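**Q** Pasting the sequence and the predicted coordinates here, then a few questions.
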Amino acid sequence: MPAPRSSFEYAVIRVTPRVDREEFINAGVIVFCLEHGYLEARVQVDENRLRALWPAIDCDPVRAHLEAIPRICAGDAEAGPIAALSPRERFHWLVAPRSTIIQVSPAHAGITDAPAATLDRLFAQLVG
């Protein structure tokens, strides 16, 4: 029996090295599907692209902050108090607007029967 089609939300994780210039690179994707109990993120740091936008950037803290996002999605206790929230609360906290180097696009919606495959597709299309 095929998995039921369900609504999902996703957001693109962006790195904006110079917030004042509003230039960014896509560095990851977060997918949330309540009906499937799915909240996951995938991230990737492209240091060459970051340095093209800001040659003096220190990529280590950027990488550390990006790598925390999948851990928060997974509810990893080592990821801090946000990881202890419900999946819906974690997703909405992660996609809240912010004016920092790491930003997230507005949430978009769709229909899926396979959230993990949807994350794979979106990551390849938007970050890959």
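**A** In hand now; what should we look at?
**Q** So which residues of the protein form helices?
**A** Taking DSSP state H, the helices of the chain run over residues 47-53, 59-74, 87-94, 115-126.
**Q** which other residues reach the shortest one?
**A** Helix 47-53 is touched from outside by 15, 17, 18, 21, 23, 24, 25, 57, 59, 62, with contacts defined as CB atoms under 8 Å, 6 or more residues apart in numbering. For every residue, glycine as well, the C-beta is placed using N, CA and C.
**Q** one more time with 6 Å
**A** 17, 23, 25, 57, 59 (CB atoms under 6 Å, 6 or more residues apart in numbering).
**Q** do the longest one as well
**A** Contact partners of helix 59-74, identified using CB under 6 Å, 6+ apart, comprise 27, 39, 40, 41, 43, 45, 47, 79, 82, 83, 90, 102.
**Q** Most neighbours among these, please name it.
**A** residue 41 (27 neighbours; other CB atoms under 10 Å).
**Q** And the contacts of helix 47-53, which of them are buried?
**A** Buried by 16 or more other CB atoms under 10 Å: 17, 25, 57, 59, out of the contacts of helix 47-53.
**Q** What about these, which are in strands?
**A** Residues of those located in strands (DSSP state E): residue 25.
**Q** Redo the buried ones among the contacts of helix 47-53 as JSON lines? Include pLDDT and distance to residue 96.
**A** Putting the buried ones among the contacts of helix 47-53 into JSON lines (pLDDT from 0 to 100; distance: CB to CB, whole Å) gives the following:
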{"residue": "17", "pLDDT": "90", "distance to residue 96": "20"}
{"residue": "25", "pLDDT": "96", "distance to residue 96": "20"}
{"residue": "57", "pLDDT": "93", "distance to residue 96": "24"}
{"residue": "59", "pLDDT": "95", "distance to residue 96": "24"}
